[in-house]
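Novice: Fold the following and give me the result.
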Amino acid sequence: MVFYFESDVALPPVTLFMGVDKHENEDLIKWGWPEDVWFHVDKVSSAHVYLRLRPGQTIDDIPSAVLDDAAQLVKANSIMGNKMNDVDIVYTMWANLKKTQGMDVGQVAFYKEKEVRKIKVAKRINDIVNRLNKTKKEKNIDFRAEREQRDRLEREDKKQLMKQEQERKKDMEKKKKEEAELRSYNSLMSSENMSKYDDGNDSDDFM
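Specialist: Below you'll find the predicted structure:
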């Protein structure tokens, strides 16, 4: 089961989502998308909240208001974090999450610490949390099937782009060949024109 929330503080609105428990979080870790941004309360237990970026969007493109919504949501869904003020929320791209043998269910580390960002939340803002909770929906998701479909569509797009690139190269080669043939033809015509007026005799010899 996954909980979905809609944040309309930016246009177009974005969807935030999280697993209902640590086992769902484990599936989200395993079958996340490269476009997913992961949020968590730093150093204490909390929900794993995700934001899925749009194609071409990067972590730097997330509006500050959306970051605030994600931070408030993850804080509100942390038993310890919800009671604390001045908590740090860490976030990073899904691909930076590291899972190794021996880790507890739902526990993660990072491949690159320098790619982990932090925002500080001074206190819970009920207006934000209540607004997001009003949009809350529950869905049963086949994480693996969703990821495999995403990858299949990506492969098809890449094949199409490769095909278009090959066709573009063929067109360019054809155009270059035609231009080379045209230059050769023009050169030949110019040579013929030059020799047209040369009959091999000295024009000053009238005998």
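
Novice: Endpoints of stretch 107-122, how far apart?
Specialist: 25 Å (C-alpha to C-alpha, to the nearest Å).

Novice: And for that stretch, what's in contact with it?
Specialist: 29, 38, 42, 59, 67-68, 71-72, 75, 85-93, 95-100, 103 (C-beta atoms under 8 Å, 6 or more residues apart in numbering). To be clear about C-beta, it is placed using only N, CA and C from the backbone, and glycine gets the same treatment.

Novice: Filter the residues you listed down to just the buried residues.
Specialist: Neighbour-count burial (16 or more other C-beta atoms under 10 Å) is assigned, among the contacts of stretch 107-122, to 29, 38, 67-68, 71-72, 75, 87, 89-93, 96-97.

Novice: Please identify which of these is nearest to residue 125.
Specialist: Set against residue 125, the nearest of the buried ones among the contacts of stretch 107-122 by C-beta to C-beta is residue 72 (5.7 Å).

Novice: Let me see the backbone angles for the closest one.
Specialist: Main-chain torsions, residue 72, degrees, to the nearest 10: phi -70, psi -40.

Novice: my guess is it contacts residue 124, does it?
Specialist: Yes - in terms of C-beta atoms under 8 Å, residue 72 counts as a neighbour of residue 124; the distance is 6.8 Å.

Novice: per-domain residue ranges of this protein.
Specialist: 2-141, 144-193 (automatic domain parsing).

Novice: now the first one: how far from the chain's centre is it?
Specialist: Averaged C-alpha coordinates place domain 2-141 at 17 Å from its chain's average position (C-alpha atoms, centre = their mean, to the nearest Å).

Novice: Start and end of that domain, how far apart?
Specialist: 7 Å.

Novice: Contacts only, for the residue most central in space within the chain.
Specialist: Geometric centre of the chain, nearest residue: residue 35, 4.3 Å, by C-alpha atoms, centre = their mean. By C-beta under 8 Å, 6+ apart, the contact set of residue 35 is 52-55, 57, 94.

Novice: Thanks again, I'm all set now.
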